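Asks: Got a predicted structure plus its sequence, pasted below:
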Amino acid sequence: MSVFCLVDEKHVPVYRILWVSDLPHFCGEADCHREGDYEVRLDDGESVWGNRDERDAVLEAIESWQGGSAP
């Protein structure tokens, strides 16, 4: 098991992830480049953005890293 997961072509250490959005971003701004992407919030106020497949892979990596999900 790697300590990294790939989000938006960036290798992110799993231990830096604080939370992962469940819904895609929508703000309605005409010039927004994040519409439909999922936010992965990191420590130090940083975020990376990924598609649904990347978001799901992050959640799987976190569950695997912490030892699996509880029943």
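Replies: Perfect, thanks for sending it. Numbers count the residues shown, from 1 in each chain.
Asks: and R16, what is it in contact with?
Replies: Going by C-beta atoms under 8 Å, 6 or more residues apart in numbering, R16 touches L42, D43. (C-beta placed from N, C-alpha, C; glycine too.)
Asks: Identify the residues contacting the one helix or strand V12 maps to?
Replies: Assigned by DSSP states H and E, V12 falls within strand 10-13. For strand 10-13, contacts defined as C-beta under 8 Å, 6+ apart pick out V3, F4, C5, L6, V40, L42, V48, V58.
Asks: ok, how many other residues are close to the closest residue to G50 other than its chain neighbours?
Replies: Nearest residue to G50, sequence neighbours excluded (C-beta to C-beta, 6 or more residues apart in numbering): V7, at 4.3 Å. Neighbours of V7 under the rule other C-beta atoms under 10 Å: 24.
Asks: Just say helix, strand or coil for the spatially most distant residue from the centre of the chain.
Replies: Distance to the chain centre peaks in the chain at A30, reaching 23.8 Å (criterion: C-alpha atoms, centre = their mean). Three-state call for A30 (DSSP: H, G, I helix; E, B strand; the rest coil): coil.
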